[in-house]
Every structure is written in C-alpha cells, then in structure tokens.
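Visitor: Quick one, fold the following:
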Amino acid sequence: MTESPQKIHFIAIGGSIMHNLAIALHSAGHKITGSDDEIFEPSRSHLADHNLLPETEGWNEDRITNDLDAVVVGMHAREDNPELKKAKDLGIKIYSFPEYISERSEDKQRVVIAGSHGKTTITSIIMHVLKYFDREFDYAVGAHIKGFDTMVRLSDAPIIIIEGDEYLSSPTDPTPKFLKYHHHIGLISGIAWDHINVFPNEDEYMKQFEIFADATPKGGSLAYCEEDAMATVIGNKEREDVHRLPYQTHAHIIENGETYLTVGNDRIHTKLFGKHNLQNINGAKEVLKKIGISEDQFYQAIPSFEGADKRLELVKENGNSSIFKDYAHAPSKVKATTLAVKEQHPERELIACLELHTFSSLNKDFLNEYKGTMKYANQPVIYFNPRTIAHKKLEPISAEEIKKAFAEPRLEVFDDSNKMLDFLKQQNWTDKNLLMMSSGTFNQLNFEDLKDII
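Guide: Sure thing, here's the model as predicted:
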C-alpha cells in the first residue's frame with residue numbers, strides 16, 4: 001500500500017472481520033483507533049497484540065475528531081450510535097466494511113463468493129491454492145485460515161478474493177454486502193432462507209441473490225451449484241455474454257473415516273468431508289480455473305488444505321471417538337453438517353449439539369424451519385441462553401416450543417450450559433462422535449473441558 005498514512009476510526013472494531021481490517025491497515029502504517037460495547041475472543045487478544053484494543057468498552061463521541069480521515073462502521077453498531085452521529089455532523093467520510101473494501105479494490109479483478117452456506121470454505125480453498133503456487137492476491141474472508149496471519153489483506157496485488165455476505169452493509173445502509181463489491185467472477189454455493197430480521201420471507205431473500213447474479217458484467221463469470229434448486233434457477237437465467245459455470249458434488253469415496261477425491265483412476269486425499277464440502281471443492285476449482293490455476297495444479301494443492309476455522313474442525317480424536325465443532329447455525333447448515341459427520345463415520349453414533357444464537361434461530365416465526373434438520377443425529381441436543389433472547393429483544397421461547405419445532409422425540413433441550421456439559425460428560429463415548437454447532441460460544445464454553453469426555 002503506497003498511499004499516505006491515514007487516521008481511521010472503527011465503530012464496532014470487535015467484529016470478526018472488522019478487527020482484521022483494522023489490523024491490516026494498522027500494519028500498513030495507518031493510525032487506527034476503535035470502539036465497541038463488547039469484544040469477545042479471539043478479537044480481544046488479536047487487537048491487544050497490535051495495541052488496538054480500546055482502553056474502555058462503550059461508545060464515546062469524544063473519540064470522533066476533526067482530524068479523522070475516515071470512519072468505518074460495523075453492523076454491530078446501531079443507527080443511533082453517538083460516535084456515528086458525530087461523524088455525520090462533522091462531515092467525516094463514513095464507510096461500511098464492504099464500501100471500504102470496494103474502494104480499495106477498484107483496480108483489481110474481483111472474485112466474490114456468495115451463498116447461504118459454504119462461502120467461507122470455498123473462499124478459503126481458493127486462497128490456499130493461490131498461496132500454494134505463490135500467486136499475489138488480496139482477500140477478505142470471515143474465518144481464520146491456517147497459513148494466513150489475518151483475514152484481510154489489501155496491497156497492490158491484481159486480484160482480490162472476497163467472501164460475499166448477503167447481510168446488510170451497515171446500520172444505515174440496507175444493501176447486501178455482496179452487492180457492494182461489483183464482482184467480475186461470482187459464485188453462488190446455495191440458497192436457503194436466513195436472516196428473518198432483514199428478509200421477512202423466502203422470496204425477498206432469494207431476490208438478493210438474483211440481483212447479485214444479474215450484476216455479473218459482460219465477459220464475467222457466474223459459478224453456481226446445480227444441485228441446489230434455487231441457485232440453479234438463478235444460475236440458469238440467460239445473461240448476455242456471462243459465462244455460466246455450473247458444478248456438482250465432486251466424485252469421491254469414503255474409506256475408514258477418510259474421504260478421497262476420485263479423478264479417473266487417481267485417488268486424492270482431502271481433509272474435508274461431507275457432500276456440501278465436496279460441492280465446495282468443485283466450486284473453488286471452477287473459479288480457480290478462471291484465474292489461471294489448472295486442474296492438475298488444483299489437485300496438487302488441495303490435499304494440504306486443512307479447512308477454515310470452526311468449519312467441521314476436529315477438536316480431538318481417539319481410536320473410536322471424535323469431537324468436531326462447526327459454525328453451522330442456519331437450518332440448511334445444521335442438516336448438512338450433521339449428515340456429513342454421520343456419513344464420514346457411519347459405524348459410530350452421533351451426539352449433535354446446536355446452540356440457538358442468531359436472531360433468526362431464536363425467533364418463533366422462524367423456528368419451524370429447523371424441522372427435521374437434526375434427524376441424522378442419534379442424540380440431538382439444543383442449547384439456548386435466555387439472556388441472548390433478551391438482548392436481541394425477542395419473545396421468550398420454551399423448551400417445549402423448541403421440541404415441537406424440531407419434531408425430534410429424542411431431543412434434549414438446555415438453557416444452562418453447565419447442565420448441558422454435565423449431560424455430555426455422563427454419556428458413554430465408546431464408538432460415538434460429538435458435534436458442536438454454533439455461531440456463538442455456548443456461553444463461553446471452554447472446549448478444553450470437552451476434550452476430557454472421550
């Protein structure tokens with residue numbers, strides 16, 4: 001980055017990707033300040049390591065001064081945030097995260113990976129393969145990937161790989177983030193209704209992905225999973241001079257709990273598993289072919305990809321049991337993830353624990369979308385924190401309502417994380433796997449405590 005150093009303030013600096021942008025700009029020589037009303041791990045430690053952790057939590061308009069060159073505001077802030085209001089009053093340039101990334105990427109080839117599920121993994125695979133072959137590229141991705149210090153890089157590289165979220169850009173801008181990036185190559189992994197607080201019905205949600213696809217420029221490319229009904233409807237639409245790149249589940253076999261890609265007579269080991277991840281692999285391969293990576297090169301690099309953080313991440317294993325944690329929270333993700341673990345180890349029983357943490361998952365109007373999503377678990381478990389419901393200003397829900405929505409007679413429901421942990425410790429773990437799914441933390445559950453149960 002060759003421009004003059006700037007003074008930039010981050011409102012809601014503790015966000016998973018916000019704090020990584022702050023660190024990237026700080027490392028490039030810019031003067032960075034920030035604020036937030038709550039900062040959790042690992043953001044807290046990462047910010048502290050770079051001397052960017054705010055001295056106090058909370059909002060303070062005195063942090064907004066005339067000498068700021070820009071303010072970047074995250075979705076965790078509210079529209080009436082006092083720092084945001086003062087920045088507007090002073091006429092300081094205000095960016096959402098996607099607006100800032102977009103402005104810094106105007107002269108690059110932009111690859112944007114979208115979809116209700118799988119976008120983090122696909123983005124991560126593309127990044128891993130490009131790095132494997134020493135290609136210069138920038139990126140913005142929502143999870144930690146082994147081999148990368150931060151989740152955001154902005155340099156003079158000719159291309160940027162972006163995980164494109166469909167959620168709102170900022171508290172004052174309802175545009176989905178992925179529409180801000182103006183992609184040249186886009187991918188839609190699959191579409192399953194989510195974010196009920198923003199998209200009140202499935203049609204409105206699906207419409208955003210159609211707008212994304214329609215924004216593909218002439219000469220551009222749109223990849224989509226043709227095993228996903230909604231993605232296929234959108235991807236098959238005729239668009240003038242847009243290259244369509246449909247993909248499916250990669251051919252594979254599973255032997256002794258290990259997955260191998262099959263390419264002709266060759267078998268290539270991969271640490272990823274599950275049908276959705278085998279689709280992700282093929283999606284990444286199609287995009288990489290468009291940016292100069294051959295299939296032979298792809299298969300050379302993919303065995304060393306260890307997956308993105310919290311995406312079917314192996315916590316511990318022994319001879320007959322394994323513990324996995326995953327970011328799954330939306331219904332389609334929960335169903336796909338539990339099926340993946342069950343198919344990888346069909347000889348083992350599966351205890352699957354899901355934390356209801358997001359606005360949608362804790363909303364009574366959305367809860368029925370989870371019906372049947374945990375049918376592949378031998379013992380399904382639900383945890384929810386009543387304080388989280390109150391914080392999101394939602395109507396309280398009961399264990400009975402959850403059991404009715406999931407329609408699983410074996411379902412155990414807990415609103416106390418310690419009682420859930422006690423339940424897990426009481427199980428006989430011979431020939432059983434444990435899957436922990438959440439976009440939250442199970443009330444700051446220490447996963448080290450879980451390692452002792454198998």
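Visitor: contacts, neighbours, all on C-alpha from now
Guide: Fine.
Visitor: helix/strand/coil for residue 254?
Guide: The assignment at residue 254 comes out as strand when based on DSSP: H, G, I helix; E, B strand; the rest coil.
Visitor: Pull the number of nearby residues for it.
Guide: Neighbour count for residue 254, taken as other C-alpha atoms under 10 Å: 15.
Visitor: Not counting stretch 101-116 itself, show me its contacts.
Guide: Applying C-alpha atoms under 8 Å, 6 or more residues apart in numbering, the contact partners of stretch 101-116 are 119, 122-123, 154, 157-166, 178, 180-194, 209.
Visitor: Repeat that for stretch 170-182.
Guide: With C-alpha under 8 Å, 6+ apart as the test, stretch 170-182 has contacts from 73-79, 96-99, 101-102, 110, 112, 114, 164-169, 208, 211-212, 215-216.
Visitor: Please check those residues and keep the buried ones.
Guide: For the contacts of stretch 170-182, a neighbour count by 16 or more other C-alpha atoms under 10 Å gives the buried set as 73-77, 96-99, 101-102, 110, 112, 114, 164-169, 208, 212, 215-216.
Visitor: Can you flag which of those residues belong to helices?
Guide: Among these, the residues falling in helices (DSSP state H) are 97, 98, 99, 101, 102, 208, 212.
Visitor: For those residues, give me TSV that also has pLDDT and distance to residue 146.
Guide: Converted to TSV, those look like this (pLDDT from 0 to 100; distance: C-alpha to C-alpha, whole Å):
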residue	pLDDT	distance to residue 146
97	97	23
98	98	24
99	98	27
101	98	22
102	97	25
208	97	31
212	98	30
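Visitor: Closest one of these to residue 450?
Guide: Taking C-alpha to C-alpha as the measure, residue 450 sits nearest to residue 97 out of those, at 35.4 Å.
Visitor: That closest one and residue 169 touch, don't they?
Guide: Yes. Assessed by C-alpha atoms under 8 Å, residue 97 is found in contact with residue 169 at 7.0 Å.
Visitor: what do these two both touch?
Guide: residue 74.
Visitor: State the number of residues packed around the residue nearest to residue 167 when sequence neighbours are not counted.
Guide: In space, and not counting its chain neighbours, residue 167 is closest to residue 176: 5.1 Å by C-alpha to C-alpha, 6 or more residues apart in numbering. When neighbours are defined as other C-alpha under 10 Å, residue 176 has 20 of them.
Visitor: roughly how far apart are residue 176 and residue 446?
Guide: 34 Å (C-alpha to C-alpha, to the nearest Å).
Visitor: circling back to that earlier point, mind putting the ones in helices among the buried ones among the contacts of stretch 170-182 into TSV with distance to residue 375?
Guide: Putting those into TSV (distance: C-alpha to C-alpha, whole Å) gives the following:
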residue	distance to residue 375
97	38
98	37
99	41
101	40
102	41
208	30
212	33
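Visitor: And those residues, which two are furthest apart?
Guide: Longest span within those, C-alpha to C-alpha: 101 and 208, 19.9 Å.
Visitor: which of the ones in helices among the buried ones among the contacts of stretch 170-182 lies closest to residue 65?
Guide: Comparing those against residue 65 with C-alpha to C-alpha places residue 97 closest, at 20.3 Å.
Visitor: Tell me which stretches of the stretch 101-250 of the chain form helices.
Guide: Using DSSP state H, counting those that start in this stretch, the helices found in the stretch 101-250 of the chain span residues 119-132, 202-214, 229-235.
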